[in-house]
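Student: Just a sequence and a predicted model for now, questions to come.
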Amino acid sequence: MGINTKGRRKLEYCGKMYYWNVRQDAEDLDRIGLNIVSEDKKFIVLYHVAQADNDKISHIVVKGMEFVGLENYPQKGWVRIQTPIWDDRIVTPSLMRIIVEWCLLPKDRLAFVDWEGNLL
């Protein structure tokens with residue numbers, strides 16, 4: 001079954017199609033989130049916008065099964081990983097591309113974060 005593309009923008013990266021949208025989530029303290037999902041639904045991440053303005057650790061929520069560095073990790077989906085600090089006050093296609101590239105690049109070590117943004 002395909003993905004609902006209504007209201008989502010798309011980006012092709014390395015021959016694969018990714019869809020993204022930005023929306024405020026009432027169930028998540030009204031934070032604004034950048035949702036990114038691949039066409040095959042294996043790659044699903046959520047990045048809260050404007051994390052660079054906070055004093056908490058910037059992180060991404062990995063909801064899908066595809067994320068480089070988590071292949072041998074026993075828990076799949078719904079983990080929070082520390083990210084670099086990006087200029088994320090305004091969501092643009094280039095920010096979305098930076099996030100997808102970072103998620104798919106090999107990483108030496110992953111730092112896990114709890115739901116409050118503290119390192120585990």
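Tutor: Sure, I can see it.
Student: What pLDDT does the model give Thr5?
Tutor: Predicted confidence (pLDDT) at Thr5: the value is 77.
Student: Near Ile90, how many other residues are there?
Tutor: 9 (other CB atoms under 10 Å). C-beta: built from backbone N, CA, C; applies to glycine.
Student: try Ile44
Tutor: Counted by other CB under 10 Å, the residues lying close to Ile44 total 19.
Student: what does Leu34 give?
Tutor: Neighbour count for Leu34, taken as other CB under 10 Å: 19.
Student: So what's the gap between the helix or strand where it lies and the chain middle?
Tutor: Using DSSP states H and E, the element containing Leu34 is strand 31-38. Distance of strand 31-38 from the chain centroid (CA atoms, centre = their mean, to the nearest Å) equals 6 Å.
Student: Would you mind writing the CA trace of that strand as PDB?
Tutor: Output of strand 31-38 as PDB, limited to C-alpha atoms (Å, rounded to 0.1, in the frame of the first residue of the first chain):
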ATOM      1  CA  ARG A  31       5.600  21.400  18.900                       C
ATOM      2  CA  ILE A  32       6.100  21.900  15.100                       C
ATOM      3  CA  GLY A  33       7.400  18.800  13.500                       C
ATOM      4  CA  LEU A  34       9.100  18.000  10.200                       C
ATOM      5  CA  ASN A  35       7.800  14.500   9.200                       C
ATOM      6  CA  ILE A  36       9.800  12.600   6.600                       C
ATOM      7  CA  VAL A  37       8.800   9.200   5.100                       C
ATOM      8  CA  SER A  38      10.100   7.200   2.200                       C
END
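Student: Give me the buried positions along it.
Tutor: Across strand 31-38, burial judged by 16 or more other CB atoms under 10 Å covers Gly33, Leu34, Asn35, Ile36, Val37, Ser38.
Student: now the angle between strand 31-38 and whichever helix or strand comes after it, please.
Tutor: For strand 31-38, the succeeding helix or strand toward the C-terminus, using DSSP H and E, is strand 44-48. Strand 44-48 runs at 160 degrees relative to strand 31-38, counting by axes from the mean of the first three to the mean of the last three CA atoms, to 10 degrees.
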